[in-house]
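Visitor: starting from these lines, generate the structure:
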Amino acid sequence: MPEIKFTIPGEPCGKAVKIAYNKDIGHSLTYNTPKSTNYMTAVRFYASNELPEIWQPLNIPVEVEITAVIARPRRLLDTFKRTGELKCGNPGRIETTAKPDVDNITKAVFDGITKSGLWRDDKLVWHEDVRKYYAAIGEVPCTEIVVRWD
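Guide: Just a heads-up that it's a prediction; the model follows:
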C-alpha cells in the first residue's frame, strides 16, 4: 500500500474560526485565526515537499493517521530530589485529553493537505486514526502524518 509520511514541527494547532458581524453587509463573516492559518500553511508546505515532481492529486479513497505530540506540561517534568526519578513515572509519550481537540487538529491537517494538492478533497478520507500525546522527555512537539491509499 503506497503512503506518504511527513512531520510538521512545532506545537499542533486545531482549526479555530472567529465570527465577526459586519454591519456594512448586515451579516456575520467567519475567518480562520492567524495561528490556525499559519499551522495549515505549514501542513501544506511539508505535505507538498513529500510529493513527487509530477503528481496528480489523489481522487481515490485514502486513510490518514495523525499523531499530535504536545509539549509536556511542567507538572509532568517534576522529579524527586533524592532519586531524580520522574514523579509521573513515565519518560515516554503520555496520552492526553488536553487542548487542542482532535477534531480541530484533524480539520486543520485535512485543509492543509487539500491545499497541498495531495488529494482532491478531504471527503476522500474513508478512515482516520488520530492520537494525541504529551511529548516524551527530550522530544519536541510535532504532528506526524501518514496518508495511505490502494
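
Visitor: mean pLDDT per helix and strand in this protein: which one sits at the bottom?
Guide: Ranked by mean pLDDT, DSSP states H and E, the helix or strand of the chain with the weakest confidence is strand 17-22, at a mean of 77.

Visitor: what's it packed up against?
Guide: The contact analysis (3 or more C-beta pairs under 8 Å, 6 or more residues apart in numbering; DSSP states H and E) places strand 17-22 against strand 27-32. From N, CA and C alone the C-beta is placed, and that goes for glycine too.

Visitor: can you pull the buried residues of the strand it packs on?
Guide: Asn32 (16 or more other C-beta atoms under 10 Å).

Visitor: how about stretch 136-150?
Guide: Those buried within stretch 136-150 under the rule 16+ other C-beta under 10 Å are Pro141, Cys142, Thr143, Ile145, Val147, Trp149.

Visitor: wait, the third one sits on Glu65?
Guide: By that I understand Thr143. No. The pair Thr143 / Glu65 is not scored as a contact, 11.0 Å apart, by C-beta atoms under 8 Å.
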